[in-house]
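Q: Predicted model follows, preceded by the sequence.
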Amino acid sequence: RTGRFTQEEDTILLDAIEKAIRRLHPGDVDSFKATLCGPKSAADQRKKVLSEVWDDAFQALPRRSRTSCYDRGRRLLQDTRRGNWTPEELEKIANMVNQASPQVVNWQLIGQELGRPASACKDIYRHRLSS
């Protein structure tokens with residue numbers, strides 16, 4: 001399946017992630033969720049458990065690719081702003097990209113600046129702002 005995730009798929013994905021965390025890492029679910037969408041260096045310490053959590057999540061939506069489930073799951077877990085993009089945010093992205101060389105745009109920095117996932121900033125730029 002391609003296209004946007006439905007609300008039902010989001011719910012299924014989040015439920016699968018939470019069940020897997022509770023099964024594999026009983027304890028503080030919220031802090032473990034932060035590990036799932038944190039920097040890769042922090043996640044390396046729990047690589048096996050993380051892999052199993054994502055495997056369970058992928059199996060919950062068999063018609064979606066592993067990559068799309070992983071990207072969507074991380075976006076849903078991140079404590080960032082969601083919703084429609086404001087004209088100010090779009091302008092800020094365009095300005096920050098124009099100040100960088102095209103091959104070295106720091107999407108992580110742009111995402112932090114806007115309080116949004118880096119991948120969402122990159123996607124909105126590629127789909128709505130790039131020429």
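A: Good, I have the coordinates. Residues are numbered from 1 along each chain as shown.
Q: which parts of the helix or strand hosting A16 are buried?
A: Element membership for A16 (DSSP states H and E) is helix 7-24. By neighbour count on 16 or more other CB atoms under 10 Å, the buried set for helix 7-24 is 9-10, 12-14, 16-18, 20-21, 24. Where you see a C-beta, it was placed from the backbone N, CA and C, and this is true even at glycine.
Q: D30: helix or strand, and which one exactly?
A: Using DSSP H and E, D30 falls in helix 29-36.
Q: Next: E113.
A: Here E113 is assigned to helix 107-114, by DSSP H and E.
Q: In that helix, which of the residues would be classed as buried?
A: 107, 110-111, 114.
Q: Quick one: name whatever helix or strand follows that helix.
A: Downstream of helix 107-114 (by DSSP H and E), the next one is helix 118-124.
Q: Do me a favour and average the pLDDT over stretch 95-113.
A: Averaged over stretch 95-113, pLDDT sits at 86.
Q: Kindly report the same for stretch 27-40.
A: Stretch 27-40 comes out at a mean pLDDT of 67.
Q: Tell me the one among the buried residues of helix 7-24 nearest to R64.
A: E9 (7.3 Å; CB to CB).
Q: ok, the closest residue to that closest one other than its chain neighbours to L24 distance?
A: For E9, ignoring the flanking residues on the chain, the nearest one in space by CB to CB, 6 or more residues apart in numbering is L61 at 5.9 Å. From L61 over to L24 the distance is 19 Å, taken as CB to CB, to the nearest Å.
Q: Equivalent analysis for S68, please.
A: Taken as CB to CB, the span from S68 to L24 is 22 Å.
Q: do the same with G111
A: Counting by CB to CB, the gap from G111 to L24 is 28 Å.
Q: re the thing from before, report how many residues lie close to the residue nearest to E9.
A: 20 (other CB atoms under 10 Å).
Q: which residues does it contact?
A: 9, 12-13, 16, 69 (CB atoms under 8 Å, 6 or more residues apart in numbering).
Q: Which of these lies at the shortest distance from M96?
A: Among these, and counting by CB to CB, the member closest to M96 is C69, at 28.8 Å.
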